Each structure stands twice: as structure tokens, then as C-alpha cells.
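[1] Next comes the sequence, and after it the predicted model I'd like to discuss.
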Amino acid sequence: MRWVTWNQAIIAAGISVAIAFIVARLPSTPRRVFINAICREFSLVAVLYTMWRLAMVLPLDQPVGAIDRARSLNSLQHKLFLPSELSLQHFVMQYGWLARATNFYYAVVHVPATIAFLIWLFVRHRDYYPRWRNVLAMLTAACLVIRYVRVAPPRFFPELGYIDLATRYGLSVYGPVGTGVSDQFAAMPSIHVGWAALVSFGIVAASTSKWRWLFASHIVITMLAVSATGNHWWLDGIAAIALVGVALLIDSWVRAD
């Protein structure tokens, strides 16, 4: 599984800006106005993506303190009487199809779901789009900053009974530490859960369909998937959801001014 690189993204942003510049100088029609808006928005998202990818390739994959912080996090969860991720993992592993489906959901769904959500908002609910795009940018930026404080995921503790579900059932996005498409020691907070919360909350807020509540299941399933696969602690997801709430409050406060 390969991500678009930062330099590919910045080239795409530049091409999009050029198209927007050309279209803006043509006679105005509804179609050209729409194309111009798409190009400008795509270029902005591409620049944000570039910043994210650049931050992800910084040499931060050092395990210093990550194991000890994870142990402290696990201890805090016990004190808060949170359920054990290990019990959930054992349940999933009783059924091969469920384990594979859980791995698939963790590895594949979160990025396409977020992209589809943004496109849907832009096309169908343009008035809601700026708010949720801003929340996505703030959430992702916060996750990138917090990830500098290294925290190991549960799968790094086989002595506690955890396994890396992907090594047993395939579809792993990770390789050895410091390789792969994702950061091995950035368990806190869970960007998977944060993006899923954005999608679920955004659809419920913007849509008027009676079926919109079905999409609230995305955040629930994601929370279960990241824990069952051994990639995140419960508090990783809870922290990400809290960051979504903070980003919404900031956006509301800025708009009020």
C-alpha cells in the first residue's frame, strides 16, 4: 500500500492552481465557477496533505520512552475501569472472517471514507464544507504535534498477550520500525478514530436523511477495529474524539468573531 508522496501532492496542487487561474479568466458560467471552486479547494487540500506527509517523514521513529508511556497508559486505563483491548482481540480471533474484516477496515477504510466525505460535502452541502474541512486540518495538525511524544501500541506487548493481527491475517500497513506507510510509535492519539469521528459527526450534522444515523456506526466500528487489531489503546481513540470536539469549538469561536 503506497501513499501519494509529498512532492507528487505539491505538483498536483500547482497544476490545480494553474487550471483555476485559467478558468477564472474565461467568461463566467455556472460550470466554470464550479470548476474553479473545485480546483481552488483541491489545491488547498493538496497543500495540507503535503504538510502532513512532510511531517510524517521526519526522523521521529525512535522508541525512546514509547514503551514506558504505553505501560503508563495501560495502567491508567485499568484505573479508569476501561474494558480490556485484549478481550476484544481474543473475541475477534475466534472467527477468521471477522479478524480479516477487522484488519481490512483498519488498513483500508479510513482514508477513502474521509475523501468520500469531503467530496460529498463539497457537492451536496457546500455551506457545511468549510467548517468540516477546517476541523480536519486542525485535528490532523494536532495529531502530528502530539505524535512527537512517542507511545507504543498494544501489539508491542506480546508478554501481555497482545498480537499484531495483521502479521497473522495479512494486510499490514507496517514493516519494521521506521518503515512502512505509517508511524509505528504514534499510537496516541489515533488519527484513524479522529477521521472516523469527523466523518460520522459531519454526516449526521449536514445530512437531513433519516439514514444519516447509520453512518454514526463508522466511528464505532473504527474504534473497535483499531483496538482489536492491537494498534491503539482505548484512550488513543478517546483523545482523538476529544480533539475533534476542540476543533469544532475553535471553528465556532472564530466564526462568531
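    Sure, I can see it. Owing to the predicted nature of the structure, the values given are computational and were not obtained by experimental measurement.
[2] didn't Val17 look like it was pressed against Leu44?
    No - judged on C-beta atoms under 8 Å, Val17 makes no contact with Leu44 at a distance of 9.6 Å. C-beta here means a position set from N, CA and C on the backbone, and glycine is covered the same way.
[3] can you give me the helices for the stretch 151-257 of the chain?
    Taking DSSP state H, counting those that start in this stretch as the criterion, the stretch 151-257 of the chain contains helices spanning 165-169, 191-206, 217-228, 234-256.
[4] for the protein, what's the longest helix?
    Counting residues, the longest helix in the chain under DSSP state H turns out to be helix 30-56.
[5] And it, what does it pack against?
    helix 6-24, helix 110-124, helix 129-146 (3 or more C-beta pairs under 8 Å, 6 or more residues apart in numbering; DSSP states H and E).
[6] among these, which is the most enclosed?
    Highest mean neighbour count among the helices and strands packed on helix 30-56 (mean count of other C-beta atoms under 10 Å): helix 129-146, with a mean of 19.
[7] coming back round to it: adding distance to Gly237 and mean pLDDT as columns, could you present the helices and strands packed on helix 30-56 in CSV?
    Putting the helices and strands packed on helix 30-56 into CSV (distance: least, C-beta to C-beta, whole Å; pLDDT from 0 to 100) gives the following:
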stretch, distance to Gly237, mean pLDDT
helix 6-24, 27, 84
helix 110-124, 12, 89
helix 129-146, 12, 88
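[8] Can you say which of the ones you listed is nearest to Thr208?
    Checking those against Thr208 by C-beta to C-beta gives helix 110-124 as the closest, at 10.4 Å.
[9] Was I right to think Ala196 contacts His110?
    Yes - at 6.3 Å, Ala196 counts as touching His110 under the criterion of C-beta under 8 Å.
[10] and Val92, how many residues sit next to it?
    22 (other C-beta atoms under 10 Å).
[11] Taking their axis directions, the strand or helix carrying Asn103 and helix 217-228 sit at what angle?
    Per DSSP states H and E, Asn103 falls inside helix 96-104. Relative orientation of helix 96-104 and helix 217-228, computed by axes from the mean of the first three to the mean of the last three C-alpha atoms, to 10 degrees: 100 degrees.
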